[in-house]
Every structure is written in C-alpha cells, then in structure tokens.
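**Student:** Sharing a sequence plus its predicted fold:
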Amino acid sequence: MAEAVLTTLEERERLFRRAVAISAGAHLVLLLFAVVSPFPRSRSVTLPGVVNVSLVAAVPSAPSAAKAAPKKPAPPPKPQAKPAEPKPAPPPPPKPEVKADKKLLPKEAVREPKPAPPKPKPAVAPPKPEEPLDYEDALDALREEAGEEEEAGDAPDPALLASVRPGPRAGPAGGGPGEPVDPEVAAWMRRVKIHVTRNWVLQPGFKRQAIQAVVEVTLDATGNVLEIDVTDGSGNPYYDQSVVRAIEKASPLPPPPESGEWPMLFSPQDAL
Amino acid sequence: MPLRPAALALTLAVAAGAALLSPASARAQDRAPIVITGPGGKTYRVAVLDFAALKGSSPSAVADLRKAIEGGLAFSGFFESVDRRAFLESPTSPALDPEPPVTCPNWRQIGADGLLQGELEVQATSLRAEIRVLDVSRGCLRLLRKAYRVDAGERSRLGKAIADDVVGAFTGVPGVSDTEMAFVSDRTGAKEIHVMEADGTNVRRATSHKTINTFPNWSPDGQTIVYTSYRHANRPQLFLLTRGTRSPGRILRELDGAQVYRGVFDPSGNKLAVVRDAEGSSEIYSVGRGGGGVQRLTRNGAIDVGPSWSPDGKQIAFASDRTGAPQIYLMNADGGNQRRISFNGSYNSAPSWSPDGKWIAYESRVGGQMDIWLIDAQGGVNLPLVEHPRSDEAPSWSPDGRMLAFTSGRRGRMDIYVIDVNGDNLRQITQGPGNNTNPSWGPRRR
C-alpha cells in the first residue's frame, strides 16, 4: 500500500512539474507570438486549431514513423543483456531492481523504459518578466486538478500521437513545434483529459495492447455531450464502447472554449 | 470528372455558406486530439438488484443469488457492485415481462455503469432465471437479455454464470468465475489431485492413491484431467480422470514401460505433449489421446520438460537445459524449428502459453527465488509479472487470458494465488490446509 501511495505521489509530482514546465513554455510561446504577431490582439483571432494538450507541442513530429510506431514505441531497454548466452555468464545484471518488499511492480517495470518526458521548448523565447501572474494561476489550477484526481493522465505516447496525425501536415494546426498555443484551450483540454480519464474503465488485457480509437465529440457551449462519433475505431467494438461509455459518463464536460466537435484519442498507457 | 462551371459555382457557394453558417463550430480535423491514456476508472460499477421472486422463489433464495452474482463480479477484478444503500430506486427488480421501463438518470446519478435486473423461479428440481443488463452510461441501452435453467444441485453456479455474462456484455469476453481449477494438495498427507471452483470454494479431492500425484492438466472440453501418478510400482505414469466416472483414473496405456513425468493436452484434446525418459534424459513426445501416434519431438542429451501448447496447436513452448541452464524454447508441433526465446537469468522454466497466443508466462529464478515473468512469443518483450522474496511458480492462464493462477510460498506454506495480467488484484485462492500447488485452470464450462 505504501509503495502504491508513493508511486502515486511521485507520479503526481512528476506530472505536476512537467505540466508547469509545459505551461511555462506555452506561455512563453504565446508571449513571443503576441510580440511578433501581425494580427491584432484579440481572442477571436485564435488560429483554428491552435490548441495543445499537455505535451503535444513538444513531441517531435514524426509523420513517416507514424504507422510502424504503435507496435513498439522504443523497445523498452531491457535490463537483461541479450548475448548469445555466455555460459559462465557473469551474475545476471538482471531485472529492474529487486527490492525486498515490493510485491508486484509490473506496471512500473513497463513504464520505466518510456521515452524521456518531452520537454517544453525553451528555445522559442527568452523568459519574460511578465509571466508570473498567469503562471500562478496555472499552478493553482493544476493543484486543484491534482487534488481531485489521483491518476491524472500521463504523457501521451509520442509514437501513438504521431500515428493519428492526419494529412500531410506534421501535425494538426497548433500541434506542431513552434506554433502558438492558446493557454485557455490547453487548460480546458487538460481538464477534459482528467475528467474523461477518470471515467474510463479498461479491461485487463487491453492494457498492454497497441490499440487506439479516435472519436469526435460534439459539445454544446456548456459542455454537454451532444454526439459521439467514432471516426477511427480500434477494430474492437468493445474497446470503442468503453470509450463512448467514458465520454457519456463524463458528460457534461467543463464548458469548452467553443462549442463544436473536439477529437479525442484513447490509448492504453502501457501499450508496448 | 470535370465540373461544369455552374455546378462548380454552386459547390463553391454551398461550401462558402457552410463555412459562414458554422463559424463557431470548428472542425475537429483542425484540432489536436485530446489524448486519453491509461484508464483512471478501475472498475465498472453494476447495480445488482434482488431478482423478482416468481413462484417457488423465496427472499433468501433471491438474496443468495444476488450475493453470488456480486461475488462473481468481484472475482473479475474490474467489476464491482454498487452499494445498495445508495439506490434511489427499489432494490428489487421488476419482472421482465413485459419489458419494464427504467428511470435511467436515477441509476446514473449514483454512479452505476450498469444495471442488472432479473427474475428467479425455483422449481422442484431446477432453477429458472432471466436477466436484463442495461448500459447505464449509454442511456440504459440493453446489452443483454438471457434466460438460464440449472439443476437444483448446481444452484451455486447460477450467480457466477450470470456475473460472467454481465462481464461479457460489457467487454465482449465473459468472466471466468464459473470455472474450476485442478491442483495438487498434500492436505491429506499424500500429494493428491484436487479440484475447486476458481474462487477457491468447494474443494473436492479427485484422487486417493496415497502416493505422489501431480501435474494435473485439463482437457479442453473440461471432462478429463490428465495427471502423473506414482501409484504403480512407484514409477511415474500418466493417468486420465474423467468427470462422472467412479474409476480412480485410467492409465494412458501406450506409454507403458516408460517413466512419464507429465502430460499436457493439445488444444484439440486429441493428443498430448508428454515428457518421458529416453536414453538417460527426459524428452518431449506427442501421443494420441486414444493410443498410438507416438512421435518424438526432442532429441538430445539435455533435459527437455514443461511443454505448453500454443492456442492454435501449431507450436509448443518448453524448457530445456541444452545450453547448460534451463531456458524457454519454442518448437513446431512436429518438433521442428526449435529455438530459444529467453535470455535473461540462469533458470527459466514452466512456460505457459496465453489463450490469445501473445504471451508466455514462465517462472524465472532471480536471486534465490522464483518469480513469474511474461515474454512475448517472439521473445521481444520480457517483463516481470510477479516478484516477491518468496518463490512464485507454476503459472496457469485463466481461459479468458485476463488472469493467471500460480503457486506462491509468500506466506510460508505453498498456496495458490491469482493475479490479473496487468499485475493488479493479487488474491489468495487456497488457504491451506497443507501445501497447495500446480494449479491448472480449467476451461469454461458448457
């Protein structure tokens, strides 16, 4: 139990730090954009689809690697070497640490090899003094979220993400590196993510599969779910149903920045 | 196809109009998806009602059935029943004919994902039940309506069968609470084969040879258990125990004379992979269930043991110490294409192929004790499932592939435990007496 709690705490802290970093990065990007933007400063100018959820912007776009990726994102660096069995092998350098009292850690073991958490892009703009205010707000919002949700989502799998990016563009507008991010939209998307994640039940067995579904969720201005359209199903109707169930159950969502269709991608975190 | 100018103009006009009409509703394609990874909800919550008591049915029969259903749901590890005290509606189901209306928001409001209604009729020698499963999250959509009839003697199974179907209605793969395990127990002094419900209840002794009996393995139809016994001349041989017969086990004749350490049914049930002695070591053979067709699959001076069939019956996983220490190997069902897939650790054994064919569970010695690991059939992914300072051994998959049973000495004596394939929901199934080992999880009952 204690390990579990610890893990959750670590997770939360990690997520929190990352989110703050991203938020900071996003703000910087926005700020820079505001400074050099040819557009008048007005909310209505928000570029179509200039949105970003958590770490998307930082993920290097990999359009070509898209399809191959989902199967095995970066083969987990296995702790065991895989030589042709030297007979008098040196004592196996085995396994991710065997602690005396840990019982069941498969998930951690799987997670460990995950690609390093994407960093926000510091390259885009130098820090500006004006930041702290929003920054504090963001912190508060995050604290609130973290407080009400134990297992806020994790970093999206870059490979899986890349695989759903349609079209010739490197990513959806706003998803690409260097593009501006609307912090309001990003914050809303984070809240939705937490809200929906909490309502998604995934049966054992799917967890380690590279399986995903993309749905378009039509929202009214207050966040009521009007329609759920499975636009790119997983091929398994029960998986898709679990996704629809999660969204239905999460309705109403936090009021969106604008009504309309919002895409969501559902993928088990532990897909190998 | 070239568009005529008029048509083109019209198309453009329509497109422009559409764009003007929906300035606010941005197209989803223009937006980055909200990525939902890793479920936050651990369980589906089902409101299980007391079934409507039709003739012959008593309140206690109804309550017993509900508890059995709740137990069966809990066994899945990812379903639970909603606390009845939270109900906003009657905890008793209406009769199902005619199809009763439902006030869905009242169930949604208490956080139920599903609603199980039903009716129960108790007759002289049998029980009849009918159920309706509603998907509360999706507007109380009806997922399942099903009728059951069971002999009075099997009434304890009815609730589990219903629970398994509820799991299936939500996930496409029914639960496995209504299954059995065979295992070895020395609770009577000698190692005898025993059978129990998968949840550990209703333990029955299946052999009483007062000698060593071990390695039980179910036939795919669940009617026969093959096991190894030393009952004749203290030499290990295979015996078949068939459900419903009083005979203490029929010897697999065609292997007379050899020492036979273990037999494992193939997925068709028509033949077995068998470990027997040959030229001073143990080798794997295949043999027809009814005799004949003996075929030698391994041939070397090393020990080859622990066969486990792939679900399509085309391959066999096994353990061999041909490189000096036991490792996991695969071969074709005819013995061809033998290849090693495990390369970590110095002692890997007891492979067990998952029902979906993707994984092979095996025991691996790390430090001083055995742990249970999963390796994919290509040998590419290898990860620990159960780790503990005490030994964990002899994994056996549940028929739905969501769980594994295994033997563990973590509480001193050996007992059987179950864990789900994600490494969650560890549960102790046997609680003594004696040592309880070598589970073989039986198939679904028909």
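**Tutor:** Arrived safely, thanks for sending.
**Student:** Could you use CA atoms for every contact and neighbour count after this?
**Tutor:** Fine.
**Student:** can you map out the helices along the stretch 151-272 of chain A?
**Tutor:** Secondary structure of the stretch 151-272 of chain A by DSSP state H, counting those that start in this stretch: the helices cover A:158-164, A:183-198, A:237-250.
**Student:** Which positions in the second one come out as buried?
**Tutor:** Within helix A:183-198, the residues scored as buried using 16 or more other C-alpha atoms under 10 Å in any protein chain shown are A:183, A:185-198.
**Student:** Return the member of these nearest to chain B.
**Tutor:** residue A:198 (4.1 Å; C-alpha to the nearest C-alpha).
**Student:** Give me the residue ranges of the stretch 151-300 of chain B where confidence is low.
**Tutor:** Scanning the stretch 151-300 of chain B for pLDDT under 70 picks out B:248, B:254-256, B:291.
**Student:** Contact residues of it facing chain A?
**Tutor:** Residues of the stretch 151-300 of chain B lying near chain A by C-alpha under 8 Å from any C-alpha of the partner chain: B:170-172.
**Student:** Please repeat the previous calculation with a cut-off of 10 Å.
**Tutor:** B:167-173 (C-alpha under 10 Å from any C-alpha of the partner chain).
**Student:** just the buried members of the residues you listed?
**Tutor:** By 16+ other C-alpha under 10 Å, these give B:167-171, B:173 as buried.
**Student:** quick one on the thing from earlier: in terms of mean pLDDT, which of the helices of the stretch 151-272 of chain A ranks lowest?
**Tutor:** Of all the helices of the stretch 151-272 of chain A, mean pLDDT reaches its minimum on helix A:158-164 (a mean of 43).
**Student:** Show me the shaky parts of the stretch 1-150 of chain B.
**Tutor:** In the stretch 1-150 of chain B (pLDDT under 70), the answer is B:1-30.
**Student:** picking up where we left off before, would you mind giving the residues of the stretch 151-300 of chain B next to chain A as a markdown table with distance to residue B:239 added?
**Tutor:** Shown next, in a markdown table, are these (distance: C-alpha to C-alpha, whole Å):
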| residue | distance to residue B:239 |
| --- | --- |
| B:167 | 36 |
| B:168 | 35 |
| B:169 | 39 |
| B:170 | 40 |
| B:171 | 38 |
| B:172 | 36 |
| B:173 | 33 |
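**Student:** okay, those in JSON lines with secondary structure next?
**Tutor:** Below are these laid out as JSON lines (DSSP: H, G, I helix; E, B strand; the rest coil):
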{"residue": "B:167", "secondary structure": "helix"}
{"residue": "B:168", "secondary structure": "helix"}
{"residue": "B:169", "secondary structure": "helix"}
{"residue": "B:170", "secondary structure": "helix"}
{"residue": "B:171", "secondary structure": "helix"}
{"residue": "B:172", "secondary structure": "coil"}
{"residue": "B:173", "secondary structure": "coil"}
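**Student:** Name the nearest of those relative to residue B:304.
**Tutor:** Nearest to residue B:304, judged by C-alpha to C-alpha, of these is residue B:173 at 34.8 Å.
**Student:** show me what contacts the closest one?
**Tutor:** If you count contacts by C-alpha atoms under 10 Å, 6 or more residues apart in numbering or on different chains, residue B:173 has them with A:203, A:238, B:164-167, B:400-402.
**Student:** And for residue B:378?
**Tutor:** B:330, B:340-342, B:358-360.
**Student:** SS state for it?
**Tutor:** Of the three states, residue B:378 takes coil according to three-state DSSP.
**Student:** likewise residue B:154?
**Tutor:** helix.
**Student:** surely residue B:314 meets residue B:267?
**Tutor:** Yes - the criterion here is C-alpha atoms under 10 Å, and residue B:314 meets it with residue B:267 at 9.5 Å.
**Student:** near chain B, from the buried residues of helix A:183-198?
**Tutor:** A:186, A:188-190, A:192-198.
**Student:** element containing residue B:69, please.
**Tutor:** helix B:59-76 (DSSP states H and E).
**Student:** Provide a list of residues in contact with the spatially closest residue to residue B:213 that is not a sequence neighbour.
**Tutor:** Excluding its sequence neighbours, the residue lying closest to residue B:213 (C-alpha to C-alpha, 6 or more residues apart in numbering or on different chains) is residue B:229, at 4.3 Å. Contact partners of residue B:229, counting by C-alpha under 10 Å, 6+ apart, are B:191-193, B:207, B:209, B:211-216, B:235-239, B:249, B:251, B:260-262.
**Student:** And residue B:395, by the same measure?
**Tutor:** Residue B:395 makes contact with B:350-353, B:360-363, B:371-373, B:403-408, B:416-418, B:438-441, according to C-alpha under 10 Å, 6+ apart.
**Student:** and with 7 Å instead?
**Tutor:** If you count contacts by C-alpha atoms under 7 Å, 6 or more residues apart in numbering or on different chains, residue B:395 has them with B:352, B:361-362, B:404-406.
**Student:** Show me where the stretch 201-350 of chain B has its strands.
**Tutor:** Under the criterion DSSP state E, counting those that start in this stretch, the stretch 201-350 of chain B contains strands at B:204-205, B:213-218, B:224-229, B:237-242, B:250-251, B:260-265, B:271-278, B:281-288, B:295-296, B:304-309, B:315-320, B:327-332, B:339-340, B:348-353.
**Student:** Summarise which helices and strands the fourth one is packed against.
**Tutor:** It stands for strand B:237-242. With contacts taken as 3 or more C-alpha pairs under 7 Å, 6 or more residues apart in numbering or on different chains; DSSP states H and E, strand B:237-242 sits against strand B:224-229, strand B:250-251, strand B:260-265.
**Student:** strand partners of it, parallel vs antiparallel please.
**Tutor:** Sheet pairing for strand B:237-242, assigned by DSSP bridges, gives strand B:224-229 (antiparallel), strand B:250-251 (antiparallel).
**Student:** Please identify the deepest-packed of these.
**Tutor:** strand B:224-229 (a mean of 25; mean count of other C-alpha atoms under 10 Å in any protein chain shown).
**Student:** tell me the angle of that one relative to strand B:213-218?
**Tutor:** With axes from the mean of the first three to the mean of the last three C-alpha atoms, to 10 degrees defining the directions, strand B:224-229 sits at 160 degrees from strand B:213-218.
**Student:** can you state the direction angle for strand B:224-229 and strand B:260-265?
**Tutor:** Going by the same axes, to 10 degrees, strand B:224-229 makes 170 degrees with strand B:260-265.
**Student:** Relative to the whole chain's centre, how far out is strand B:224-229?
**Tutor:** 20 Å (C-alpha atoms, centre = their mean, to the nearest Å).
**Student:** Then stretch B:50-58?
**Tutor:** That offset, for stretch B:50-58, works out to 32 Å (C-alpha atoms, centre = their mean).
**Student:** With just CA atoms, put that stretch into PDB.
**Tutor:** C-alpha atoms of stretch B:50-58 as PDB (Å, rounded to 0.1, in the frame of the first residue of the first chain):
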ATOM      1  CA  ASP B  50     -32.700  -8.500  -6.000                       C
ATOM      2  CA  PHE B  51     -34.400 -10.600  -8.600                       C
ATOM      3  CA  ALA B  52     -38.100 -10.600  -8.800                       C
ATOM      4  CA  ALA B  53     -39.200 -13.700  -6.900                       C
ATOM      5  CA  LEU B  54     -41.500 -15.700  -9.100                       C
ATOM      6  CA  LYS B  55     -43.300 -18.800  -7.900                       C
ATOM      7  CA  GLY B  56     -41.400 -21.000  -5.600                       C
ATOM      8  CA  SER B  57     -38.700 -18.400  -5.000                       C
ATOM      9  CA  SER B  58     -38.100 -17.100  -1.500                       C
END
